[in-house]
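Enquirer: here is a sequence with its predicted model. Questions after.
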Amino acid sequence: MLRKIYRRSRCLVAATLMLASAMAGCTASIREEPGVAWVNPGQHRIVSTAAALKTNPPIRVRYTDGWQTEEYALFRADGRQCEMIYAEANRAFTVALDFQMPIKEMVATWNLNSHHNLVWGPLGRIDNSYGTWFYRTFEHSDRQRPCVGFMVEWDQIYEDPWGRPGKVLFGYYCSAGKQRLADREARALIGGFSVRMQDSATGEQQAARFPDAASEKPSAIVAARGDGPSVESGNPGFPFMFARYYTINHGGRLD
């Protein structure tokens, strides 16, 4: 009888230890989960050489998981505002970016534009080393504020049956005044956007933290998404999680 009790006690202790170990492992995994964080100086991807956006350092936030990286950037200068998101698929895995937002739909996802009535101009395109940029001017008609939305997809993954991209950059720019944004100005602005593929400790446009009146910095996710109905920056969809697994296409045959 005593032996049975001892064996049961020993089994109970072992089970308890195993459960504790499993819970500790789960906790460690949760702690190690990749997520949203401020971008460290020199590690940003999004670059703007536009003179209109150089007054203040941009605010940068990054999301990373095993399948993708997304970087958010906010540029503000003398009443002008530009926000962009860059997404990149991890080519170590068979994933592509399922980006399916026309410019009108994409522009409306940003907090600033969701607060205003938008009047649209014609669709334009710019061909450069990245591929084809599509852009469209629009106006906050209640403020008569001219803006432009833009997007580009590149690094197409041809093994993907749908030929989806491995990299995407999209966003908008709004000027400070009420003067019309000429097409040549919009094209020049977009031509100054690029993406760096390498980190650099001395890279241009070091990242800034998000300031507020109380001099307290909110979390990175709040800076990227915005918080509250009156916020005029951020995108509630960040991170968009565009990465999708695909089955390799071999000349029309899927393996």
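Expert: Alright, I've got the coordinates. Predicted, not measured: the structure shown is a model, and the values here were computed from it. Residues are numbered from 1 along each chain as shown.
Enquirer: kindly export stretch 152-167 (C-alpha atoms) in PDB.
Expert: C-alpha atoms of stretch 152-167 as PDB (Å, rounded to 0.1, in the frame of the first residue of the first chain):
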ATOM      1  CA  VAL A 152       4.600  50.000 -56.600                       C
ATOM      2  CA  GLU A 153       5.100  46.200 -56.600                       C
ATOM      3  CA  TRP A 154       8.300  44.500 -57.700                       C
ATOM      4  CA  ASP A 155      10.500  41.400 -57.300                       C
ATOM      5  CA  GLN A 156       7.800  39.200 -58.800                       C
ATOM      6  CA  ILE A 157       8.000  35.600 -57.600                       C
ATOM      7  CA  TYR A 158       7.600  33.600 -60.800                       C
ATOM      8  CA  GLU A 159       7.400  30.300 -58.900                       C
ATOM      9  CA  ASP A 160       4.100  31.500 -57.500                       C
ATOM     10  CA  PRO A 161       1.300  30.400 -59.800                       C
ATOM     11  CA  TRP A 162      -0.200  34.000 -59.500                       C
ATOM     12  CA  GLY A 163       3.200  35.700 -60.000                       C
ATOM     13  CA  ARG A 164       2.700  37.900 -56.900                       C
ATOM     14  CA  PRO A 165       5.400  40.300 -55.800                       C
ATOM     15  CA  GLY A 166       8.000  39.900 -53.100                       C
ATOM     16  CA  LYS A 167       8.100  43.600 -52.300                       C
END
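Enquirer: tell me how far that stretch lies from the chain's centre.
Expert: 18 Å (Cα atoms, centre = their mean, to the nearest Å).
Enquirer: ditto for stretch 41-60
Expert: On Cα atoms, centre = their mean, the centre of stretch 41-60 falls 15 Å from that of its chain.
Enquirer: let's see the distance spanning that stretch from one end to the other.
Expert: 10 Å (Cα to Cα, to the nearest Å).
Enquirer: now it: buried residues?
Expert: 41-48, 50, 52-53, 58-60 (16 or more other Cβ atoms under 10 Å). The C-beta positions use only the backbone N, C-alpha and C, and glycine is treated the same way.
Enquirer: report the two of those separated the most.
Expert: Gln43 and Ala52 (24.5 Å; Cβ to Cβ).
Enquirer: so where do the strands sit in the stretch 101-250 of the chain?
Expert: Counting by DSSP state E, counting those that start in this stretch, the stretch 101-250 of the chain has strands at residues 118-128, 131-140, 145-156, 165-174, 193-195, 243-245, 249-250.
Enquirer: using JSON lines, lay out the buried residues of stretch 41-60 together with distance to Arg184 and pLDDT.
Expert: Output for the buried residues of stretch 41-60, formatted as JSON lines (distance: Cβ to Cβ, whole Å; pLDDT from 0 to 100):
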{"residue": "Pro41", "distance to Arg184": "34", "pLDDT": "78"}
{"residue": "Gly42", "distance to Arg184": "33", "pLDDT": "83"}
{"residue": "Gln43", "distance to Arg184": "33", "pLDDT": "88"}
{"residue": "His44", "distance to Arg184": "28", "pLDDT": "92"}
{"residue": "Arg45", "distance to Arg184": "27", "pLDDT": "94"}
{"residue": "Ile46", "distance to Arg184": "23", "pLDDT": "96"}
{"residue": "Val47", "distance to Arg184": "21", "pLDDT": "94"}
{"residue": "Ser48", "distance to Arg184": "18", "pLDDT": "93"}
{"residue": "Ala50", "distance to Arg184": "13", "pLDDT": "88"}
{"residue": "Ala52", "distance to Arg184": "14", "pLDDT": "83"}
{"residue": "Leu53", "distance to Arg184": "17", "pLDDT": "88"}
{"residue": "Pro58", "distance to Arg184": "24", "pLDDT": "93"}
{"residue": "Ile59", "distance to Arg184": "28", "pLDDT": "93"}
{"residue": "Arg60", "distance to Arg184": "29", "pLDDT": "95"}
